[in-house]
Structure formats: structure tokens, C-alpha cells
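Model the following, please.
(chains A and B)
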Amino acid sequence: MNHLLSIIIFLPLIGSLLLLLIPSKFIRGIRVTAFIFSLLNFVISLKLYFLYSPSTGFAFVESLPWISAWNVNYKIGIDGISLLLILLTTFTTPLAILFSFNSVTRREKEYYFFLLFLETAMVGTFAALDLFLFYVFWEAMLIPMYFLIGIWGGQRKIYAALKFFIYTMIGSVLMLAAIVILYFQAGQSFDYSDWIQKLQLAPTLQLILFSAFALSFAIKVPLFPFHTWLPDAHVEAPTAGSVILAGILLKMGTYGFMRFAMPLFPQALIQAQPVIVTLSVIGIVYGALVSMVQPDLKKLVAYSSVSHLGFVMLGLMALTPQAVEGAVYQMLNHGISTGALFLLVGMIYDRRHTRLIADFGGLAKVMPLYTIFFLIVTLSSIGLPGTNGFVGEFLILLGSFRMMPIASGIAASGVILAAVYMLWMFQRVFWGPLTHEENRSLKDLGLKEVCVLAPFILMIFWMGLYPKPFFNKMGVSVSAFIEQVKR
Amino acid sequence: MMTSWSLFFFGSFPILLLVGFALLVMAAGLFTKKGSHLGLLLFSLLGIGLSFAVSLCLWKLKFVGSPNMLQLDPFAFYLYSIILLIGFLTCLNHYEYFKKQKIDYPEIYSLTLFALSGMLLMVSTTHLILFFLALETMSLAIYVLVGIKRRDLRSNEGAMKYFILGALVAGVFLYGSALIYGATGTLDLSKISLALIPAEKIHLFEIGALLILVAFTFKISAVPFHFWTPDVYEGAPVSVTGFMSTAVKATAFGAFLRFLFPLIPFSSLPLFDLLQGLSIATMIVGNLVALYQTNIKRMLAYSSIAHAGYILVGVSATYADGRFHPESLGAPLFYLFAYAVITVGAFAVASAVASEADDNAEYSHYLGLASRSPKMAAAMTIFMLALTGIPPTVGFAGKFFIFREAIQQGLYGLVIVGVLMSAVSAYYYLRVIVNMYFGKSAQPAPGSPVIKWALAGVILFCVVSTLYMGIAPSRYLQMSSLSGFSK
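Model (predicted):
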């Protein structure tokens, strides 16, 4: 059996345990070890990318009995969709770690321990094909994120961390109950493939169970009106935490819809579709409008996530190949653009210790390099043709227009609003005269910061200009997904 | 073929050994130097170890049966192991805690051994008179242990409250026994059959059953008979509180499970519905009131009430619809084990943190513990997460087992209340973590708590088993599932 996937899941965990053995005095050793492990994981996951040949069903499947009394198996495997999300995870983590070298100066051993632990949980969640295993990874993600926000966060970190934890937990415990009910319905099996094949549920039961799953994922996405934890968590989290939270953790919600909530309960989905579409569209517009009035850069980016994820949900609900492919693509895009935006905001925060837009202005004069990077990422977030954002949003709108013209019509206004809030923000921060004395002495980006940002910029253009390698890998899985949902 | 009397003789050996050692330790206490209890500790550990070894031998040699008034079955031996394990760890806790508090009573050990002997007897008999004797042996020893800090007002208050209420409940139990005897003509519950209860005396039997139920509800501290718990837990020395919330709970629940077997099917009262109601009330009250505690011991007291509620879900599943489901019996049994391991560990940390002058264990004592004593904070974190029920700890496995059985028996309402209340419980368990990691002490740091080998061993053991039994629970699940009782 090929253990490649298991290695990618557990290598960061091994790294994190290794960190515990290094005395806290050797800060350099701790940093380097954490970075090497996450980088190594990225390299190995590239191998996964090249070895994966698109086909229906799952590849790299590993299955071992775990808790035999309950028929729980350690079963993992990937398809084109989870492959790309795993790559996003392994791509983002080393960069988040590299960025933290400068900005985290307290309790570094624990910090990198939690980051690596989080990577294991995230990759595991994307790879799990046994629902018990999935739940274990899903809940295990909570702990490191809770600590990352709580220890290294901002002023209201305790409130934000608790809110994040309890919000997510309420959703996931109901999902746990639903999982156990399905387990008995499927003849005491947690196996995902079994569930897809065997489950024959009465309509009412389907709707109830769908609601339990959907609630848990909707909180994570976050779908309007379950988004209130997100601005708090994002704003209070340390930069690397925000990057991972926005870049990857939010994708858990949309991934959960794709992998579990939608294919498992096709009939319930038909009933719930209008509701979810409405909420997504509200989220798109609401998120954009609220972003527009934010005085705080980080909060602005946080609310823009609500808007962007609304697009992803809209694409998923449209259930046309274009729209779903666009949705998956947009998941990756959002991870890259928003991840980069949070990094950029973090860099300026580390210099000025403020994130208020009003405290800046005319930065283009003192930080030309920073301005260029920020501009590229802004344009990608707006969805300018030639950048990654364009491809995803265009496909989503194109694919969903035929199915639901009104919804996608309103959603299209979100693209315009995005241009408004992002460009307006950009204008206020970078153009105009230098009004604040403190800003005159700001240093431009250093080499390390450029190294952190360059991969993101590269991906923005690559995914905008030549998306074929990504669509190649996901095409078959997307059509398999649509087939399952429409059965 | 073993005669009934010799089986009785050998079968009571584990209990007799404990009594013997209790007397020896008490006598030896007269001759030990003031303040040096190491010998007494080792002697008590030896007694507990021997008792465990003997019961293991009896089990291996298949000394199984119901000689005279004893019930020697897998159920009894399973609970023996839990109780003796807790006793072993508790003695180690006592040693360090009382030394630190400068309380110099050698009787502590012999009282603990007496209590243990009563506990073993309680879980291995269905004879009402013998049970009463066992109950009093246990309770009297614990009344004294609670009040052993003679000069401490709270300790006195706790002991007094516990004694008065306990005596009242003993009376209630006796009254119930008398009624049952009057109705059936037998004192041995396992010998009761429907034929023995004349139709005109069924009411006597039912009232008796109800009274016995009340007595048990008191001992397991279920709502509405829980009011004594917080005060007694707060007043008692920390190591004694740990002993009470685990060993007494395991014993009372064990005996409860055994007693319900004849009581539930033979009475026309809706005892099963009553059980469900108790369970819901206990989970809700325990968890909600725990939110408002500012004292760790009181929080743990309400948490122990809440956990009694979860175990009651398991008990309800075992007796779903008024019938006995032996296949579900494993769930409450496994939970008792899981809860014991976690809670003993949590109290071990609490007793280490309890400062010499002030034994109140306020939340504020935990401020900044992570920087003063990172290992202890990490251990406490694991215990708190396990009590919340986060995977991969044994707390999750236990809760999962209980909810699994409840869903199998169709008790959806109980499960929904249960999972939602676990999400609520996250709040107060996480507050401990918040204080340890995120908070800073306002006063000058009280210095890092010093622990010696005994307490370090207990904490290490509990951490390892909390994690190990959570990651690889198969063996323990099987063990608890096979520990049914003979009818």
C-alpha cells in the first residue's frame, strides 16, 4: 500500500512533537525545524499532485481498522477537489511560518507546535473518508486555532477565541449526532463510500440530517447569518492565524458541503437550495457593503471573505459543471488572495502597530515595493482579468446564470462592490499626500517579506493566465460530484 | 465443584484484604513519627495492589457466581478495577496534598481503605441488608474524610451537610428496603420475580422502588438531589474531593445499574421516563450552573453533576423502554472509567496548585500557570479538553459511546440535549485554559507549584491514559462491553 497521503498528514505532527524536544532557548532551531517540516510537506504533496491521474472515485486510498468495536476505520483518500485543497494547505503553511519569524516573538515553541499540529488536522480533514475520522480531524482543528488566537491574538483575543470555539462546536456536535444516526442507517458503517451507495433515507429524516450537517458547515463557511464569529476571530488572530483561518479553515465549510452535505442528501438539497442560494446572495452583498465602511484594514478583509465565500456557495448550489468548477477554483483563489492580503496587512501592522485606514495615506511614496504587491493582490481580489479571481468569479456567474438568473444577477453586483471597497481602501492608504509624520520613516519590504509574498503573486498570475493544470485535475471529480448530487 | 461457602470465602477476599490493611494502617499510624507518612502510604498501596491482584486471580480462575449474598460477575470485577485504581491514585494524591497542607492524621489512609472496602461490597451485592452495611461503611469513612481539616470552617460545614443529608438518605433507603421486603418477602433483589409480588402489594413494592431510586439519585448527585454536592466538594480537601467525584460516583452508578434491573421491569411506574427526565434535568442544571462558578472546586462539582447527567443517558439507553438491553451496558461502564481517569488527573493538578495558605482553588490561582509551570498547564489543558469531549481524548470516546447507544435505542431527545450541553460546557472548561495561557496574574506570581514524585506520577499516568484510551480505545471498549452482570 502506498502511504504517501498518510505521510503528508502526519509529517507536520511529527515535526510538532519534535519541536517539543528542542529547548525553548534555541529559537532559531525551533523556527528552522518548523519551516523545514512544512516545506518538506509541500514538496511531498507536489509529488501527490504529479502522481494523481484524474478518475472517478478516490485515489491514494489507505484503509486500516482502527476501533473495531464500532467498525471505525482509518480510511483516507483524495479526489481532484481535495487534492487541490491539500496543496493549498501545504502551500500556505510554510509561508505563514516564514512570515511569523519576524512577527512572533513570544512563546515561539508553542506557536510553531500549534501551527504544525493544525496542518496535520487540516490535511486530515480533507483526506478523511471515514466519517468518524473526519470528525476527529474536524474537532482537532479547533484546539490549535483556539490557542493561536488566544495566546498570540490582539486586544480582545479571549472573547474572540471563545466565540470561535463555541460557535464552531455547537455546529459540530449536532453534526456528530447526525453522523451517528447515519452510521446506524448504513448498517453500522462510517465508510463514506458505503454511505453514498447504501443510504436510502426518508425525506423528512434527510431534511433533518441535512440541516445538522449544513448548520455545521454554514458556520464554518461562514454563510450569512452565521458569520458573526468571523470578524472577531480574524481581527484578533495573529497574522499567520488569519492567513490560515481565511485561506484554509473557511474552505472546510464549502468542502464539507461538497463532500458530505450535498451528495449524501440530494433530495433535501433540492428543498434547501433556494434558502442557501438566498443566504449566499445576501452574504455577497452584505459582506461587500459592510467591508466598504470598515475603518480597520483587517476587518475589511475579513468581511470581504464573507462576500467571496458567498460566491463559492452560489457556484456550488448552481450544480452546473462550469459553476462548480468555478466554485472550487474560487476556493483556491480566495485562499491565495485573502491569505496574501492578510500577510500584507500584517506587515504594515508590524511596522506601525495600527491597522486603521485613517492612519495611512500616501504610502506609495515611502514603500513603492509594498504598494506594487498590494496593488496586485487587490486587483486579484477584485477579479481583474489576467488574475486568478477573474477566472473563478466569471465561471461561477456564467454557470449559475442559466439556472438562477436573478440570484446571479444580484451576485454580479458584488463584483462591482468589491471593486468599490478595495479600490477606495487602496486609494486612501496609498495615494494622496503623506499626512502622518510617522509614516515617513516606514521601511519598505525586506528580502524575507518579498520571499513570503512572491509565491502568492506567482500563483495569482499563473492561475489567472494558465488555469489548465488545475482544471485538469478537478474536472472528472466535479462531474462525478454533480452526478451524485443529481441522482 | 466449588461449594457456595468456599466461593463466598474466597470471593470476599479482596474486600477482607482491604479491611485488614485498613486496621493495620490504623495501628501502624500510632507508631509512626509525626509528619512522615511514607510508610503508611506504601502500606496502603500494597493493600490496594494485593486486593487488585486477588480479584484478578479470582477472575482468571473463574470464581464467578453468586455465593450467598455476593454477586461475583464480570460487572463486579470491572468496577473493582476502576475503584481500586482510583483508590491507588488517591492515596498518592493524599500523600502529597496533606503533607503540603501540614495536616498530620495517619487515619486518612485507613479511612480511605475502609471506604474502598465498602465500595467493593456495594457493587457486588444485591442483598439489601448487605448493601446497606456496605453503603454505611463507605459513607461514614467519607464523612470523616470530608471533615478532616478540623480547623477549617468550610470543611466542617461540608462534613456536617454531607453527614446529615447522607443519614437522611440512608433512612430513605432503609425504608424503601423494608417496603420491598414487605411486598416480596425477600431481601435479595436478584431473587425477586413477578410471581413473588402479590397483586395487592404491588404498590408497596413500587413505593419501595421509588425510595431506593431517590437514595441513588442522591449518591450520584443527580438533579434534584444534587444540592449538597458543591458545598461538600468545596469544603473537602482537594484529594478527597477527587476521590468522591470519581470513586463514589463509579460505585453508586455501578450499584444503580444493578439495582434497576429488578426494579424497572416489575413496577408499573414509568421509571424509565423518570430516568430520562432526571438525565435531562441533570445535564442542563449541571452545565448551566457551572458557567457561573468562580471556584475551580465548585466548577468541578457542577461538572461532576453534568457528567452524572451524561452517564444517566447511558443508563437510560441500558433500560430503554423499561427493558434491559445488556448490549448497551458497556457505555455507562466505559464512561465511568474514562471520567475517573480524567477527573483524578484534574484534581491532582488542582491539589498541586492549591496554595498552602489558602486552599480555595479560585480560578485566579490559575492565571499564568502556563508560564510558571508549563507541564502542569499542558496536563490540565488535556484534562479540560477531555472533559469537554474533544477528540482524540478518552472523554470523546466515552461520550461517543454513550450517544451511540442512546441513538441506537432511539433516545434522540436525550442525545440532542447531551451534545448541545457539551458545547455549553466548553465555555467553563476553556475558562481554565484561558486563565492558564491567556491571562496574566495581577498579584506577584505565587511561585511555581512544586510537585514530587507521587503527584507527578499520578498526573503523568492520567495524561497518558487519557490520550492512549482516546486514540486506541478498542481494548477498553471491549472490556466494558463484556462486563455484564448475571441476572
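
so who does residue A:407 touch?
A:277, A:278, A:280, A:281, A:314, A:400 (Cβ atoms under 8 Å, 6 or more residues apart in numbering or on different chains). All C-beta spots, glycine's among them, are computed from the backbone N, C-alpha and C.

Okay, and it sits in which element?
Using DSSP states H and E, residue A:407 falls within helix A:405-430.

average pLDDT across that helix?
Here helix A:405-430 scores 89 as its mean pLDDT.

Any buried residues in the strand or helix carrying residue B:138, and which?
Using DSSP H and E, residue B:138 falls within helix B:128-146. Buried residues in helix B:128-146, defined by neighbour count with 16 or more other Cβ atoms under 10 Å in any protein chain shown: B:128, B:130-132, B:134-135, B:137-146.

Check whether residue B:329 really touches residue B:318, as I assumed.
Yes: counting by Cβ atoms under 8 Å, residue B:329 does reach residue B:318; the two are 5.1 Å apart.

Mind listing the shared neighbours of those two?
residue B:257.

Help me see whether stretch B:288-296 makes contact with chain A, please.
No: taking Cβ under 8 Å from any Cβ of the partner chain as the criterion, stretch B:288-296 and chain A are apart, separated by no less than 11.3 Å.

related to what we said a few turns ago, which among the contacts of residue A:407 count as buried?
By 16+ other Cβ under 10 Å, the contacts of residue A:407 give A:277, A:280, A:281, A:314, A:400 as buried.

So which of those residues sit within helices?
A:277, A:280, A:281, A:314, A:400 (DSSP state H).

Including pLDDT and distance to chain B, could those residues go into a markdown table?
What follows is these, written out as a markdown table (pLDDT from 0 to 100; distance: Cβ to the nearest Cβ, whole Å):
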| residue | pLDDT | distance to chain B |
| --- | --- | --- |
| A:277 | 92 | 28 |
| A:280 | 93 | 26 |
| A:281 | 92 | 29 |
| A:314 | 91 | 29 |
| A:400 | 89 | 34 |
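
which among the residues you listed gets closest to residue B:244?
Closest to residue B:244 out of these is residue A:280 (52.7 Å), distances taken as Cβ to Cβ.

Could you check how far the closest residue to that closest one other than its chain neighbours is from residue B:466?
Excluding its sequence neighbours, the residue lying closest to residue A:280 (Cβ to Cβ, 6 or more residues apart in numbering or on different chains) is residue A:313, at 4.0 Å. Counting by Cβ to Cβ, to the nearest Å, the separation of residue A:313 from residue B:466 is 38 Å.

Could you do residue B:48 as well?
When distance is defined by Cβ to Cβ, residue B:48 is 21 Å away from residue B:466.

same check, this time on residue B:262
36 Å.

Same question for residue B:313.
Applying Cβ to Cβ, the value for residue B:313 to residue B:466 is 21 Å.

what about chain B, any weak spots by pLDDT?
Residues of chain B that meet the criterion pLDDT under 70 lie in B:1-4, B:64, B:67, B:355-360, B:441-448, B:486-487.

In it, which residue is most central in space?
residue B:249 (2.4 Å; Cα atoms, centre = their mean).

Give me the secondary structure label for it.
helix (DSSP: H, G, I helix; E, B strand; the rest coil).

burial count for the nearest residue to residue B:245 once chain neighbours are set aside?
Using Cβ to Cβ, 6+ apart and skipping residues adjacent in sequence, the residue nearest residue B:245 is residue B:304, 4.3 Å away. Residue B:304 has 27 neighbours, counted by other Cβ atoms under 10 Å in any protein chain shown.

Please identify the helix or strand for residue B:304.
helix B:296-318.

Next SSE downstream of that helix?
Note on helix B:296-318: by DSSP H and E, the next helix or strand toward the C-terminus is helix B:330-353.

now for the helix or strand just after the helix holding residue B:138, which elements pack on it?
As assigned by DSSP H and E, the chain's next helix or strand after helix B:128-146 is helix B:153-184. With contacts defined as 3 or more Cβ pairs under 8 Å, 6 or more residues apart in numbering or on different chains; DSSP states H and E, the packing partners of helix B:153-184 are helix B:128-146, helix B:202-219, helix B:228-235.
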